[in-house]
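*Asks:* can you look at this prediction? I've put the sequence above it.
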Amino acid sequence: VWSTLVGYIDQIDRLHPYLTVKETCEFAWRCCTGGTHKTPLYGKGPEINAEIEKLDEELYTVMKVLDAVGLTRVKDTFVGDQGTVRGVSGGEKKRVTVSEMSVGGFPVFCMDEISTGLDAATTYDICKLIGEVNSINKKIKIVSLLQPPPETFALFDELVLLSAGKVIYSGPVEQVVPYFESLGYELPERMDPADWLQALPTKDGAEYLKGGSDIETPEPKHLTPD
């Protein structure tokens, strides 16, 4: 059941270098769907069968995904690798990995450290793309990132913040700063919230605690597994 509900995107691009971008996504689509757009929701009848056959011939889902992620221009280019055959760029290769799983129609995607090997600008572009696609197909994307840049952090709707394997916050992005401020922490004026949140679970997070103003207001303690 899980194989049809959850798609997993590894932090490492595991792609065949001698397949083109289109062939990679087409192979994934055929493996996930049996090579047809037909589902029980379409119903039956000659007209419906003709429409499904047309979609299959045009590889509608594959081409739609490639267009959405901006890979139409390189669809006939080898994926390539560093040693045997020249192919698409690193950022485009990550888009191929995302596209490869997107054609399967999974309602839930888990994306593990998709920023590995990418610069900040490319990471931002891919996360922005994921958000735009998600707003169209209304599916769930769970993305884990290590030290995301501020502009990438701002793209997300929900945040789960971990410290030593424990959840210290789970909820809307716009509420995370007020939440930690209610626990006694203070966001410096010229510090970005993303950098601040990354520092809070560490020992250095104690520097952002507000001191008690009087005897009746005790100094808050730093909340960390350490």
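*Replies:* Received the coordinates, thanks.

*Asks:* you'd agree residue 170 is in a helix?
*Replies:* No. With DSSP: H, G, I helix; E, B strand; the rest coil as the criterion, residue 170 is located in strand rather than a helix.

*Asks:* hang on, isn't it packed against residue 159?
*Replies:* Yes. Between residue 170 and residue 159 there is a contact under CB atoms under 8 Å: 7.4 Å. (Glycine included, C-beta is placed from N, CA and C.)

*Asks:* between those two, which is the more surrounded one?
*Replies:* Ranked by neighbour count (other CB atoms under 10 Å), residue 170 and residue 159 place residue 159 first, with 16 against 11.

*Asks:* tell me who's in contact with the spatially closest residue to that one that is not a sequence neighbour.
*Replies:* Spatial nearest neighbour of residue 159, excluding adjacent residues (CB to CB, 6 or more residues apart in numbering): residue 173 at 4.9 Å. By CB atoms under 8 Å, 6 or more residues apart in numbering, residue 173 lies in contact with 153-154, 156-159.

*Asks:* tell me the SS of the spatially most central residue of the chain?
*Replies:* By CA atoms, centre = their mean, the chain has its centre lying nearest to residue 143, at 4.1 Å. Put simply, residue 143 is strand when judged by three-state DSSP.

*Asks:* do you know how far the residue lying closest to it once chain neighbours are set aside is from residue 166?
*Replies:* Among residues not flanking residue 143 along the chain, residue 111 sits closest, at 4.5 Å (CB to CB, 6+ apart). According to CB to CB, to the nearest Å, residue 111 and residue 166 sit 22 Å apart.
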